[in-house]
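Novice: Turn this into a structure:
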Amino acid sequence: MVRLRRESPQPDAFVTPASSSSISPRDWALLVLLSSLWSVGYFLNQVALRELPVATVVLGRVGFAAIALLIVIIALGIKLPLKFQMWFGFLILGLFNNVLPFGLIVGAQQWIDSGLAAILVGTSPLMSALLSRLLGYESLSMTKITGLAVGISGLVVLVGPSVLQGLSRGTIGQLLVILGALSFAVAAIYGRRFKAYSPLVMSAGQLVCSSLVVLPIALIVDQPWRYSPTLDAWAALLAIGFVCTAFGYIIYFRLLASAGATNMLLVTLLSPIGAVFLGTVFLAESFTWQRLGGMALIAIGLALIDGRIFNTAVRRRGNFRPPAG
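Specialist: This next block holds a predicted model:
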């Protein structure tokens, strides 16, 4: 049985921030692994949607992930908080970090490709930077403002032409994914207040709350007992829950502790690459020059917001000394 605690939370190894912007070879390997897991998630969504409705797919993802993380917590002897305020916070976080974005993105993947969904979700850090500025959490330098402008132009390249042609299902799907990315950005900002707690506890708490929210929706709307999914659909659900979500969270927070929050932005740059590759090769999804251009602009915008490439170039230019003639 999971034990509950009343005492104040104490920071642990999972939440120790990394101050250095450098990334070790081990962390690079974990970054690539995490981006691969999240890339596969879009592919598996598409596989599960062939046989199951949206709410059931979302329930499978958050439900199996919650079970997996609770097992890990029990095995490690980690205590869960007892206070109502914490569980209310987990509920809010779960709504914005799981229920809304997963529901919107999975729903959108009925009408748009998995690769395009991954590219559009990659705009979440752009929205997070803009919201943080609007809410007064951080200021925006000229470089970051430029990054936002470039990233938004990439979004216009991807979505703009379809909007001009009217609200088709594809256009609605793209807009739903953008709302999902916005929800992720809200969750990232709201989640800052939980940084003193073990990320494993925070992840399990939000996933448990998310499962309790999605369960009645799936039962009432989908009536999942009416479906007879094949082994492929079951495998997709289990993989999304246990591997992409639960295991992905563990890697994510391990990286957050060792590489720092800034370096985690690299995952957003890498994930669409894998998702586009899987969708093109295994799902016969098209990959156009328009998508390539939009993805490139979003990636450049994120790189500018991250700032390291720009700062490195400036330092190298400042340290350059022409040879004496």
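Novice: Run through this structure and note the low-pLDDT ranges.
Specialist: 1-23, 160-167, 256-257, 259-265, 307-325 (pLDDT under 70).
Novice: Please, where are all the strands along it?
Specialist: 4-5, 80-81 (DSSP state E).
Novice: Quick one: list the elements packing against the last one.
Specialist: Put plainly, it is strand 80-81. If you count contacts as 3 or more C-beta pairs under 8 Å, 6 or more residues apart in numbering; DSSP states H and E, strand 80-81 packs onto strand 4-5, helix 199-217. Every C-beta, even on glycine, is put in place using the N, C-alpha and C of the backbone.
Novice: please redo it, this time with the cut-off set to 7 Å
Specialist: strand 4-5 (3 or more C-beta pairs under 7 Å, 6 or more residues apart in numbering; DSSP states H and E).
Novice: Just give the number of residues close to residue 146.
Specialist: Applying other C-beta atoms under 10 Å, we find 16 residues neighbouring residue 146.
Novice: Pull the contacting residues for the nearest residue to residue 266 once chain neighbours are set aside.
Specialist: Nearest non-adjacent residue to residue 266, counting by C-beta to C-beta, 6 or more residues apart in numbering: residue 31, 5.6 Å away. By C-beta atoms under 7 Å, 6 or more residues apart in numbering, the contact list for residue 31 reads 255, 266-267, 270.
Novice: Spatially central, which residue of this protein would that be?
Specialist: residue 184 (6.6 Å; C-alpha atoms, centre = their mean).
Novice: how close does it get to residue 219?
Specialist: Taking C-beta to C-beta, to the nearest Å as the measure, residue 184 falls 26 Å from residue 219.
Novice: close enough to count as contact, residue 236 and residue 48?
Specialist: Yes. If you go by C-beta atoms under 7 Å, residue 236 and residue 48 touch, sitting 4.2 Å apart.
Novice: ok now stretch 289-298, how far from the chain's centre?
Specialist: Between the centre of stretch 289-298 and the centre of its chain there are 19 Å (C-alpha atoms, centre = their mean, to the nearest Å).
Novice: buried ones in that stretch?
Specialist: For stretch 289-298, the neighbour count (16 or more other C-beta atoms under 10 Å) marks 291, 294-295, 297-298 as buried.
Novice: coming back round to it: how about the nearest residue to the residue nearest to the centre of the chain, chain neighbours excluded?
Specialist: residue 124 (4.3 Å).
Novice: tally of neighbours for that neighbour?
Specialist: 23.
Novice: residue contacts, it?
Specialist: 181, 184-185, 268.
Novice: hmm, which two among those are most spread apart?
Specialist: Pairwise distances across the contacts of residue 124 (C-beta to C-beta) peak at 11.1 Å, for the pair 185 and 268.
Novice: who's in contact with the residue nearest to residue 268 when sequence neighbours are not counted?
Specialist: Of all residues not flanking residue 268 in the chain, residue 122 sits nearest, at 5.0 Å (C-beta to C-beta, 6+ apart). The contact partners of residue 122, by C-beta under 7 Å, 6+ apart, come to 268, 271-272, 298.
Novice: Dump stretch 236-254 to CSV, keeping only the CA atoms.
Specialist: The C-alpha coordinates for stretch 236-254 follow below in CSV (Å, rounded to 0.1, in the frame of the first residue of the first chain):
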residue,chain,number,x,y,z
ALA,A,236,0.2,0.4,-29.2
LEU,A,237,-1.7,1.3,-26.0
LEU,A,238,0.6,-0.5,-23.7
ALA,A,239,3.7,1.0,-25.4
ILE,A,240,2.3,4.5,-25.3
GLY,A,241,1.5,4.2,-21.6
PHE,A,242,4.4,2.2,-20.2
VAL,A,243,7.2,3.2,-22.5
CYS,A,244,6.5,6.6,-24.1
THR,A,245,4.7,8.2,-21.1
ALA,A,246,5.9,6.5,-17.8
PHE,A,247,9.4,5.6,-18.9
GLY,A,248,9.6,8.9,-20.8
TYR,A,249,8.8,10.8,-17.6
ILE,A,250,11.5,9.0,-15.7
ILE,A,251,14.1,9.9,-18.4
TYR,A,252,12.8,13.5,-18.6
PHE,A,253,13.2,14.1,-14.9
ARG,A,254,16.6,12.4,-14.8
